[in-house]
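Colleague: Sharing a model prediction with you, sequence too.
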Amino acid sequence: MENDAYTQVVERATTEQDSQAAQTMVKLEQQFASYHFKEVIRTARTIEQSDLAPDHPIRERAQLIEQTAQEKIKQVRQFEGTYEVERSTFENEPFEGSGRIHVSFYSRNTFVASLQFDHFGTAGSFRNDTEVIRFEPDLSARLFFSEGSVTYRFVRSSLRLTFEGPGGKKTYQLYEVT
């Protein structure tokens, strides 16, 4: 059901219970669309604890959304940690890149992460700062700047940063430090 369908359910509800469940479901769907997965879990559990029938469509949808949110939280948590440069290339030719990036995802908005750069880059132009980035559900992000863009992508136990601009394409492949 979409939000407008829940709104119609609220308007046509014959019982307070159905009306309340539909209103809570609208809230749940909004939280899910905003990637606030911990709030999604709390709201879904509120619906599950209500007096709705076990096979009620709102209860079933809430359970499905809760499972999806738990999977996304688990997926994101596996990428938290420290990554170290293993390989770096400029236009497919190796160069001496080094450093670490410490990654931690925010608890309220699951796909927003803090990346702390530690002596990251090349000699003479190291980064030692923190950047907050919102990732897409596929755990990639692309930021545009006046002189190009940078793409962040998590794949298995690695993080790939690609800088593209008028000077060419520079890629850092980082692997999680255990």
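Modeller: Ah, there it is. Numbering: from 1, shown residues only.
Colleague: Name the residues of the longest helix seen in the chain that are buried.
Modeller: Longest helix in the chain by number of residues (criterion: DSSP state H): helix 57-77. Residues of helix 57-77 classed as buried: 58, 59, 61, 62, 65, 66, 69, 72, 73, 76 (neighbour count, 16 or more other Cβ atoms under 10 Å). Heads up, the C-betas are built off the backbone N, CA and C, glycines and all.
Colleague: How much space separates the residue positioned nearest the centre of the chain from residue 134?
Modeller: Nearest to the mean C-alpha position of the chain, by Cα atoms, centre = their mean, lies residue 111 at 2.1 Å. When distance is defined by Cβ to Cβ, to the nearest Å, residue 111 is 6 Å away from residue 134.
Colleague: Show the residue spans covered by the strands in this protein.
Modeller: 81-90, 93-94, 98-105, 112-122, 125-127, 130-134, 140-145, 148-155, 158-165, 168-176 (DSSP state E).
Colleague: mind checking pLDDT for the residue nearest to residue 65 when sequence neighbours are not counted?
Modeller: Leaving aside its sequence neighbours, residue 65 sits nearest to residue 32 (Cβ to Cβ, 6 or more residues apart in numbering; 5.4 Å). What the model reports as pLDDT for residue 32 is 92.
Colleague: do the same with the one 3 residues further on
Modeller: In this model, residue 35 is scored at 88, pLDDT.
Colleague: Renumber starting at 513 from here on
Modeller: Got it, first residue is 513 now, which makes that one residue 547.
Colleague: tally of neighbours for the spatially closest residue to residue 618 that is not a sequence neighbour?
Modeller: Of all residues beyond its chain neighbours, the one nearest residue 618 is residue 624 (4.5 Å), with distances taken as Cβ to Cβ, 6+ apart. When neighbours are counted by other Cβ atoms under 10 Å, residue 624 registers 16.
Colleague: so residue 624 sits right up against residue 643, yeah?
Modeller: No - judged on Cβ atoms under 8 Å, residue 624 makes no contact with residue 643 at a distance of 11.2 Å.
Colleague: still on that earlier bit, which strands and helices sit next to the longest helix of the chain?
Modeller: The contact analysis (3 or more Cβ pairs under 8 Å, 6 or more residues apart in numbering; DSSP states H and E) places helix 569-589 against helix 528-545, helix 549-560.
Colleague: so which of these is the most packed in?
Modeller: Ranked by mean neighbour count, the helices and strands packed on helix 569-589 are led by helix 549-560 with a mean of 19 (mean count of other Cβ atoms under 10 Å).
Colleague: can you dump the C-alpha coordinates of that helix into CSV?
Modeller: The C-alpha atoms that make up helix 549-560 are tabulated as CSV, following Å, rounded to 0.1, in the frame of the first residue of the first chain:
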residue,chain,number,x,y,z
PHE,A,549,15.8,2.2,9.9
LYS,A,550,16.1,2.1,13.7
GLU,A,551,12.9,4.2,14.0
VAL,A,552,11.4,1.9,11.4
ILE,A,553,12.0,-1.1,13.6
ARG,A,554,10.5,0.6,16.7
THR,A,555,7.4,1.7,14.7
ALA,A,556,7.0,-1.7,13.1
ARG,A,557,7.1,-3.4,16.5
THR,A,558,4.4,-1.0,17.7
ILE,A,559,2.2,-2.2,14.8
GLU,A,560,3.1,-5.9,15.5
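Colleague: Noted, bye for now.
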